[in-house]
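Trainee: A predicted structure for the sequence below; I have some questions about it.
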Amino acid sequence: MTPTLAPEALRIARRYRLNGVVQGVGLRPAVFRLATSLGLGGRTCNVTGGLQIDVEGSSDAVEKFGELLPDCLPAGARPSAVDDEVIPATGRATFRIQDSNSEGLPSVAAPPDRATCQQCFAEVVESGNARRFEHAFTGCSECGPRYSILHALPFDRAVTEMSAFPLCPACRHEYGSPYDRRFHAQITCCASCGPRIWLGGATGEWLPAVVAALREGKIVALKGVGGYQLLCDATNPDAVRRLRERKQRPLKPLAVLVASLEQADKVARIDSDSGRALADSANPIVLVPNRADSGLAVEVNPGLNTVGLLLPTTPLHWFVATRFGQPLICTSGNREGEPLEINPADAERRLAGVADLWLHHDRPITRPLDDSVVRVIAGRTVTLRLGRGLTPLPLALPEFTLAVAVGGQQKNALAWCNGAQAALGAHIGELESSAVRQRFVDAIADARQLYQFTPELLIHDAHPDYTSTRWAGEQETRLFAVQHHHAHMAAAIVEHGWLDRDVLAVAWDGTGLGADGTIWGGEFLMGSARESKRVAHFRPFRLPGGEATVRQPWRVAAVILRDAVGPERTMRLLRRIDPQRVVALFDVARLERFSPVTTSAGRLFDAVACLLLGIDDAGFDGRPAMLLEAACDLEKPECYPVPISGSPAELDWRLLVAGLANDLERGVAPGKLATRFHRSLARAIVAVAQRWPELPVVLTGGVFQNRILTEMIAAEWPATRPLGLPGRIPPNDGGLAAGQLAVALAQNTRGR
């Protein structure tokens, strides 16, 4: 039936442009259904600027469309801007989805990967569904891989790895049916036309073989959305130990895959906030308190009271997890310090001796993506590692130039501007091995290709010896250096949209080169993304042996105890350490060349963990602080004084450390002392902030991944004063590049 047109004089037309996360989320089908329900003609299409919608019809219907449009957006859509304008009516009576337009500079956000939705999972388990029952690659217009398989923008099947899988007639029919869930679903497929699965290292049907191997304590390498993952029985201590030995990851906690929220609740304490984070379509690993009777092997998270859980990302994960019936270790498919493996041949070659069995599929992965890691702190979901499902993260920066920010040395990630939009990229890792350094270079090339730009400015940390800084210096591109903690501050400012105001930033982390040439890490900075001034910091102390103190926190414990309680008591408190080593360390601490000065909050945490818990060997960066947080007994409200004096204000930790030493010698439980340490620092932060009551405050730096410290600050914070807590941008060095970009742009550095 041909639609009846409104009289020419009464017809109007309007064009809408939506930018942000508006592609790959089922928005075009939703718009189509809304427009046709109102009897409107016109079109919608993906463009490099986002989504364009032209609607035409009676003035009432067009106005109604504008009113209802915000309510019809799918759950994954996050438009950053919606513009509309009146355009000439041309008599279009029907509405259609038009082929994408790839002209122009991409200003639309690349769509992140999304976990399989519940409706698709329901089809997978429905035995009567001939085409999708037990089909591991089921997806629809609102779920499935996006960024991990994307070659170009706008997002369409032709520019993804799914272009290698032509649709069968049945899938083609669904794709063209306006009221089907797979209407214009770019990644849709079924058992007849989708990717294929096969085994490496075994024969037979893949699911029984994988489950049998897991029950025998073996390690399985499974090709996921962003790369290979290593699976083993999380309740089998021998299997977990074997995985740690082979992967060369002796102490870092391992993530656990659970089949459902019900299974998650059996191994951890899941509240409403963490439950929502687990069930989110981004499908991150969520750090949650574990249960004493979880049944997990203690080797999963040695010494910690939290465990990282994730739900199945795809039907492939769901089949394995449900058939196995117990929690599974699910960790990145690599040896420690090496990049993630993404293709079958390399996985079998490089993971030989690690995995016993490989579960492959033939859908290629365009770019490797580690799983995202988040934690709920003070009611906010805080990103600890930006990866699959959360990246690329759009950055709300008001002014653009052609630039790449290259991040830091640890937890490296990139950020970029292509002249039309800015984004923070995925976790790359520590730039120590040649393989990870190559991944860093490849990630820069990938961002340039996908976002179609050539950087005219490279933004880097002020530390001259960072690999990222050295790489930038080797390029024939203009450079811009940003001080480490100013970058942390600016990242937090971007997080909260406070680019138009001055703030007080509490920037606490392990180490970063300070503006005065010393090592900073316990800083209070006042200012904006444009400029900052150091207004307070911890009392400086020595790092005897320099970088060795990161691995051996007893070195820092010795020097701060000596300054707080004297050398003789230090020897008694550290009597487990060879006295001759301690005396020799005191000698080294006098030599500036071998003992740089620092104000690092991270190293202070390490030292206190050594004092209270006997952590002499860190195992990995951040572990002492994690163990100190895990040890806290939150019953007692006591704390120690932290005097604040001078200008810039100096926080003197000596009375705090002396108080801990005194109470430890009196037999006070380490858990109570750990809590007092955290509370003392929280109250010191509140006290410093009171000196500038007119400024909003942001908490930034890796120290504020600590839930107890951050929540103690929030609990004592006045309700009338803004407090910017960590959120989507990682507060650790994974967010550094976002801040670098903001600083450079705020200072009006232009590359054109």
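Mentor: Arrived safely, thanks for sending. Residues are numbered from 1 along each chain as shown.

Trainee: for this structure, give me the ranges with low pLDDT.
Mentor: Residue ranges of the chain with pLDDT under 70: 1-9, 749-752.

Trainee: now with 50?
Mentor: For the chain, residues meeting the criterion pLDDT under 50 lie at 1-3, 749-752.

Trainee: before we move on, what SS does L504 have?
Mentor: strand (DSSP: H, G, I helix; E, B strand; the rest coil).

Trainee: what bridges to it?
Mentor: Taking DSSP bridges, one obtains M526, V697 as the residues bridged to L504.

Trainee: what segments of the stretch 1-150 of the chain are strands?
Mentor: Here the stretch 1-150 of the chain has its strands, by DSSP state E, counting those that start in this stretch, at 11-21, 41-47, 50-58, 78-87, 95-97.

Trainee: of all the ones you listed, which lies closest to R666?
Mentor: Between R666 and the strands of the stretch 1-150 of the chain, the shortest separation by C-beta to C-beta is 54.2 Å, and it involves strand 78-87. For glycine as for every other residue, the C-beta is placed from the backbone atoms N, C-alpha and C.

Trainee: now the closest one: buried residues?
Mentor: P79, S80, V82 (16 or more other C-beta atoms under 10 Å).

Trainee: kindly report the same for stretch 632-641.
Mentor: By 16+ other C-beta under 10 Å, the buried positions in stretch 632-641 come out as C632, C639, Y640.

Trainee: also stretch 246-257?
Mentor: Neighbour-count burial for stretch 246-257 [16+ other C-beta under 10 Å]: R246, K247, R249, K252, P253, L254, A255, V256, L257.

Trainee: please tell me how far the second one sits from L351.
Mentor: For K247, the distance to L351 under the criterion C-beta to C-beta, to the nearest Å works out to 9 Å.

Trainee: so V320 lies in a helix, does it not?
Mentor: Yes. Under three-state DSSP, V320 falls within a helix.

Trainee: so how many other residues sit close to it?
Mentor: By other C-beta atoms under 10 Å, the residues close to V320 number 24.

Trainee: what is in contact with K247 and L351 at once?
Mentor: Any residue near both K247 and L351 by C-beta atoms under 8 Å, 6 or more residues apart in numbering counts here, and that gives L230, N334, R335.

Trainee: of these, which belong to strands?
Mentor: Per DSSP state E, strands hold the following members of the shared contacts of K247 and L351: L230.

Trainee: any chance of the shared contacts of K247 and L351 in CSV with distance to R269 as columns?
Mentor: Output for the shared contacts of K247 and L351, formatted as CSV (distance: C-beta to C-beta, whole Å):
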residue, distance to R269
L230, 26
N334, 30
R335, 33
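
Trainee: out of the shared contacts of K247 and L351, who has the most neighbours?
Mentor: Tallying neighbours with other C-beta under 10 Å puts N334 at the head of these, with 27 neighbours.

Trainee: contacts only, for the closest residue to G545 other than its chain neighbours.
Mentor: Spatial nearest neighbour of G545, chain neighbours left out: R555 (5.6 Å); criterion: C-beta to C-beta, 6 or more residues apart in numbering. By C-beta under 8 Å, 6+ apart, the contact set of R555 is L543, P544, G545, A548, T549, L585.

Trainee: so how do I select the buried members of these in PyMOL?
Mentor: Buried residues within these, by 16+ other C-beta under 10 Å, are selected in PyMOL with:
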select buried, resi 543+544+545+549+585
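
Trainee: before we move on, back to that, nearest to A423, of the buried residues of strand 78-87?
Mentor: Proximity to A423 was ranked across those by C-beta to C-beta; first place goes to S80, at 11.4 Å.

Trainee: domain ranges for the chain?
Mentor: The chain resolves into domains spanning 11-97, 197-367 when parsed by automatic domain parsing.

Trainee: would you turn those into CSV with distance to V494?
Mentor: Converted to CSV, the domains of the chain look like this (distance: least, C-beta to C-beta, whole Å):
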stretch, distance to V494
domain 11-97, 13
domain 197-367, 20
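
Trainee: F480: neighbouring residues, count only.
Mentor: F480: 19 surrounding residues under other C-beta under 10 Å.

Trainee: same question but for G57, I mixed them up
Mentor: Using other C-beta under 10 Å, G57 has 27 neighbouring residues.

Trainee: okay, and the beta partners of it?
Mentor: On the basis of DSSP bridges, G57 is bridged to I12.

Trainee: that one and E63, how far apart?
Mentor: As for G57, its distance to E63 is 10 Å (criterion: C-beta to C-beta).

Trainee: can you pull out the helices in the stretch 551-700 of the chain?
Mentor: Secondary structure of the stretch 551-700 of the chain, counting by DSSP state H, counting those that start in this stretch: helices at 554-565, 567-573, 579-589, 601-613, 623-631, 654-665, 670-689.

Trainee: of all the ones you listed, which one comes closest to A115?
Mentor: Short answer: helix 623-631, nearest of the helices of the stretch 551-700 of the chain by C-beta to C-beta, at 27.1 Å.

Trainee: centre of the chain to the closest one, how far?
Mentor: In terms of C-alpha atoms, centre = their mean, to the nearest Å, the centre of helix 623-631 is found 21 Å from the chain centre.

Trainee: quick one: it to helix 601-613, angle?
Mentor: 60 degrees (axes from the mean of the first three to the mean of the last three C-alpha atoms, to 10 degrees).

Trainee: give me the residues contacting helix 623-631.
Mentor: Under the criterion C-beta under 8 Å, 6+ apart, residues 251-252, 303-306, 553, 602, 605-606, 608-610, 612-613, 615, 618, 670-671, 674, 677-678, 703, 706-709 lie in contact with helix 623-631.

Trainee: switch to 7 Å and redo it
Mentor: 251, 303-305, 553, 602, 605-606, 608-610, 612-613, 615, 618, 670-671, 674, 706, 708 (C-beta atoms under 7 Å, 6 or more residues apart in numbering).

Trainee: and for stretch 78-89?
Mentor: Under C-beta under 7 Å, 6+ apart, the answer for stretch 78-89 is 11-22, 54, 56, 66, 394, 396.

Trainee: which among those residues end up buried?
Mentor: Using 16+ other C-beta under 10 Å, the buried members of the contacts of stretch 78-89 are 11-14, 16-22, 54, 56, 394.
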